[in-house]
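1. Structure for this input, please:
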Amino acid sequence: MGRSLVFSTNIPLRFSQTPRSGSPRIHPNQFQAHKFTSNSPFGYQKVGILNTNYTRKLCTRALISEVSSQRQYPKVGAKSTGPIPPTQLIEVVETAAKTGAEVVMDAVNKPRNITYKGLTDLVTDTDKMSEVAILEVVKKNFGDHLILGEEGGIIGDASSDYLWCIDPLDGTTNFAHCYPSFAVSVGVLFRGKPAAAAVVEFVGGPMCWNTRIFSATAGGGAFCNGQKIHPSQTDKVEQSLLVTGFGYEHDDAWITNMELFKEFTDISRGVRRLGAAAVDMCHVALGVAEAYWEYRLKPWDMTAGVLIVEEAGGAVTCMDGGKFCVFDRSVLVSNGAIHSKLLERIAPATEKLKNKGIDFSLWYKPENYITDL
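-> Have a look, this model is predicted:
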């Protein structure tokens, strides 16, 4: 039996591709202020969604890092977007993510119809409706592409060089509780490597929901609401804010990460557990957190986020320090400057799991999908 959470305010989601002349620029770390009014029962006047009007200019080359002395790691992104021009591909990716976000925004303050995949693993009707809306956009524009969705599984042509990895509602439990850490995540692989990505993050909370969009293309840099972003340059773990996540299975990997959580809590400014992988990675790209790691994520959890981090100038590896691909079972993303220091503790812990026989082979890779991995 599902449960319902009811809130009365319903705010429409509005996106526009047409820049407004003379409109003030908003820093990606800032949200538009809500106007105070005594006439509102909650003290705030409802205003529109965060303005995402911008003129997007792709960079021809993304920075590997803002810190010249740091170690550099193998790139996980595709060399190019393939035969589809990056501007065309990212336009469809962003449209798909925004379309899914419109479904989520329409439902964000309405009762939830919740069912369970497992004891605590939730799914809502909104997850399913968002994915349907995203699929319509993808199929309309690229009917011959392969698609891997969290809710719908694999559909399309396995001989395609392109694989869309879709999380229609990343952070479903947060959404179910109106806790502000959830997003719509859409990423596209070209021959197995991330080529384009968009994440629409929901920020604010009940009565004041808002959104911002992160996006990236292979070699084109990373953006938040159209402004180029970079990770922080913090090079000391003790001055870093870290983020991690825990899966639903309380097994050896879960226990190991709990120990890492405790260890890094003692030596850093703190470790957060927010519950939405795509959001966590975008926060690293934006420079508001220095690193994020987790075991047992799926391709739809990671495809968009890892490309956004890398194109912003951060580093991406597996948790043992090895080269990463989206079908791996662990990921560590960081600003790059503290990556090797984190691996000094995370890599040995991961190797111990391997020595115990814990499976770290590739998973959720569609059969017959050809890659350059």
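2. Got the phi and psi for Ile154?
-> Torsion angles at Ile154 (phi, psi; degrees, to the nearest 10) stand at phi -100, psi 130.
3. How about the contacts made by it?
-> When contacts are counted by CB atoms under 8 Å, 6 or more residues apart in numbering, Ile154 is found next to 146-148, 366. All C-beta atoms are positioned from the backbone trio N, CA, C, and that covers glycine.
4. what does Val333 give?
-> Taking CB under 8 Å, 6+ apart, we find Val333 in contact with 281, 284, 291-293, 305-306, 309, 314-316.
5. So it belongs to a strand, correct?
-> Yes. Counting by DSSP: H, G, I helix; E, B strand; the rest coil, Val333 falls inside a strand.
6. Please save the CA atoms from stretch 185-197 in PDB.
-> Only the C-alpha atoms of stretch 185-197 are listed here, as PDB (Å, rounded to 0.1, in the frame of the first residue of the first chain):
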ATOM      1  CA  SER A 185      19.200  13.000 -15.400                       C
ATOM      2  CA  VAL A 186      19.800  12.300 -19.100                       C
ATOM      3  CA  GLY A 187      23.100  11.200 -20.600                       C
ATOM      4  CA  VAL A 188      24.100   9.800 -24.000                       C
ATOM      5  CA  LEU A 189      27.000   7.400 -24.700                       C
ATOM      6  CA  PHE A 190      28.700   7.300 -28.100                       C
ATOM      7  CA  ARG A 191      30.300   3.800 -28.400                       C
ATOM      8  CA  GLY A 192      30.200   3.400 -24.700                       C
ATOM      9  CA  LYS A 193      31.600   6.700 -23.600                       C
ATOM     10  CA  PRO A 194      29.600   9.800 -22.400                       C
ATOM     11  CA  ALA A 195      29.100  12.300 -25.200                       C
ATOM     12  CA  ALA A 196      26.300  14.600 -23.900                       C
ATOM     13  CA  ALA A 197      24.600  15.200 -20.600                       C
END
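7. Tell me the gap between it and the middle of its chain.
-> 12 Å (CA atoms, centre = their mean, to the nearest Å).
8. same deal with stretch 176-184?
-> The chain centre lies 13 Å from the centre of stretch 176-184; the measure is CA atoms, centre = their mean.
9. re the thing from before, mind checking which of the contacts of Val333 land in strands?
-> 291-293, 315-316 (DSSP state E).
10. wait, which of these is closest to Trp254?
-> Among those, Trp293 lies closest to Trp254 (CB to CB), at 13.3 Å.
11. what sits against the closest one?
-> Trp293 touches 244, 257, 260, 319, 330-333, 342, 346, counting by CB under 8 Å, 6+ apart.
12. Noted, bye for now.
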